[in-house]
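Peer 1: compute the structure for the input listed below.
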Amino acid sequence: MRRILWGMVVITCLVWANPVLAQGPTEYVRGILDRAMAIQNNPSLSRSDRRHEIHRIIRDNFDFNTMARTVVGSSYSQLSPEQLDEFNRVFSYLFQDSYTSMVLDFLKHENIEYPGSSQSDGKAKVDTVIKRPNENIPVTYLLDNRPQWKMYDVIVDGVSILHTYRDRFSEVIRTKGFNYLIQRMNEQRKAIE
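Peer 2: Sure thing, here's the model as predicted:
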């Protein structure tokens, strides 16, 4: 009995010490978007500093392993451990860079509504709407809570980022092979650096 009580005390302390563990999915997404907009609207930061800070938010809050498995699709089980490691590494880098650019170009000081969310079996969906004077842009975030909240897809105006990657990658793998896909991704990575 004493062990159980002690365990509960430790867990409670961890949750209070790390508010991310205590957050629900909507609060988690809101916190990320608020931080990104604060960075975007900080006049003391250079574009390079903004890019670095946004990149860090993306790196820390996306589940790149789940994303990589999803975008490779049925080919995932046919790849060697070395190929999987290489793909995960390069995909993670390219996604972080492209999503950072998208955030820098499109997310400014936005009025964002959070009309709803749903949770089931450690997964969550958080619906948001970016309200602009002439348009409303629905954005849905898909998250997994194992062991903590991480995003694994963003659906902008009905278009899934992961499904878009999967469609493109599947075509390349089908017509030219996985090694060609990795080669092209590495070329893109080097061009960015």
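Peer 1: the biggest helix by length in the chain packs against which elements?
Peer 2: Using DSSP state H to define each element, the chain has its longest helix at helix 81-106. Applying 3 or more C-beta pairs under 8 Å, 6 or more residues apart in numbering; DSSP states H and E, one finds that helix 81-106 contacts helix 25-40, helix 47-61, helix 64-72, helix 178-192. Where C-beta positions appear, they are placed from N, C-alpha and C, glycine not excepted.
Peer 1: now mean pLDDT, mean neighbour count and distance to residue 171 too, for those, in a markdown table please.
Peer 2: Rendered in a markdown table, the data for those read as follows (pLDDT from 0 to 100; neighbours: other C-beta atoms under 10 Å; distance: least, C-beta to C-beta, whole Å):
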| stretch | mean pLDDT | mean neighbour count | distance to residue 171 |
| --- | --- | --- | --- |
| helix 25-40 | 97 | 18 | 31 |
| helix 47-61 | 96 | 16 | 26 |
| helix 64-72 | 93 | 19 | 12 |
| helix 178-192 | 90 | 14 | 10 |
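Peer 1: for residue 86, find the nearest of the ones you listed.
Peer 2: Across the helices and strands packed on helix 81-106, residue 86 has its closest neighbour in helix 178-192 (5.8 Å, C-beta to C-beta).
Peer 1: other residues contacting the closest one?
Peer 2: 75, 79, 83, 86-87, 90-91, 93-94, 97, 169, 172-173 (C-beta atoms under 8 Å, 6 or more residues apart in numbering).
Peer 1: thinking again about what came up before, can I get the helices and strands packed on helix 81-106 in TSV including distance to residue 139?
Peer 2: Rendered in TSV, the data for those read as follows (distance: least, C-beta to C-beta, whole Å):
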stretch	distance to residue 139
helix 25-40	9
helix 47-61	15
helix 64-72	17
helix 178-192	25
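Peer 1: who wins for proximity to residue 146 among those?
Peer 2: Evaluated over these, closeness to residue 146 peaks at helix 64-72, with 9.4 Å, by C-beta to C-beta.
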